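below is the structure, and that's it, no one-letter string:
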Ligand SMILES: [Zn+2]
């Protein structure tokens, strides 16, 4: 089976790249603020792992809200980085590229600690799998680490620190702000792994 990975360049998708070695990684620039840093990280990770890197660009910034966008969070947002229908949007864009490159499954780097959003839960990925696989091409959608937290996934993947360190997690900027939920999560995971910046 030819597998594609939705590779944001964050810690979770980077660990999955090392763990499962899909044929190629797909990074989507959908108009998020840290897109350049995510593209740079993903490109380097694919180079290190000898994976093909596919980039999809579709500027949807006018639809965004919260930390990843230039617009304030909507009143229905469950957290500051929430962007309406973001995973549905990004999976759809990546699935188009995956099918065009001959993939039969699209791997998603979701983990158990993403369950704070409805589009980070196991039910959501099962629904996306049903929706995609019923259409032409029969692409399957799979979130192989959905029952692990980020630290468990990284340990299971056995990814070396020199590759994991390329990961970019900041939601607000191409440089780590150190304060957003993405940066705080990144810092906490590194702490749990025994890596200290001091
Ligand atoms: Zn940040």
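Structure's in. What do you need? The structure presented is a predicted model; accordingly, all values stated were derived computationally and were not measured.

residues in contact with residue 180?
67, 80-81, 170-172 (C-beta atoms under 8 Å, 6 or more residues apart in numbering). The C-beta positions use only the backbone N, C-alpha and C, and glycine is treated the same way.

quick one: which of those is nearest residue 42?
Nearest to residue 42 among the contacts of residue 180, counting by C-beta to C-beta, is residue 170 at 14.5 Å.

which residues of this structure fall in strands?
3-6, 24-29, 52-57, 105-108, 140-142 (DSSP state E).

strands paired with the third one, and their directions?
If I follow you right, that is strand 52-57. Neighbouring strands of strand 52-57 in its sheet, by DSSP bridges, are strand 24-29 (parallel).

can I get the strands of the chain in CSV including distance to residue 156, mean pLDDT and mean neighbour count?
Below are the strands of the chain laid out as CSV (distance: least, C-beta to C-beta, whole Å; pLDDT from 0 to 100; neighbours: other C-beta atoms under 10 Å):
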stretch, distance to residue 156, mean pLDDT, mean neighbour count
strand 3-6, 16, 98, 26
strand 24-29, 19, 98, 24
strand 52-57, 24, 98, 16
strand 105-108, 14, 98, 25
strand 140-142, 16, 98, 19
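
could those be laid out in a markdown table, adding distance to residue 191?
Output for the strands of the chain, formatted as a markdown table (distance: least, C-beta to C-beta, whole Å):
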| stretch | distance to residue 191 |
| --- | --- |
| strand 3-6 | 26 |
| strand 24-29 | 27 |
| strand 52-57 | 30 |
| strand 105-108 | 25 |
| strand 140-142 | 29 |
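
indicate which one of those strands is closest to the ion.
Checking the strands of the chain against the ion by C-beta to the ion gives strand 24-29 as the closest, at 18.0 Å.
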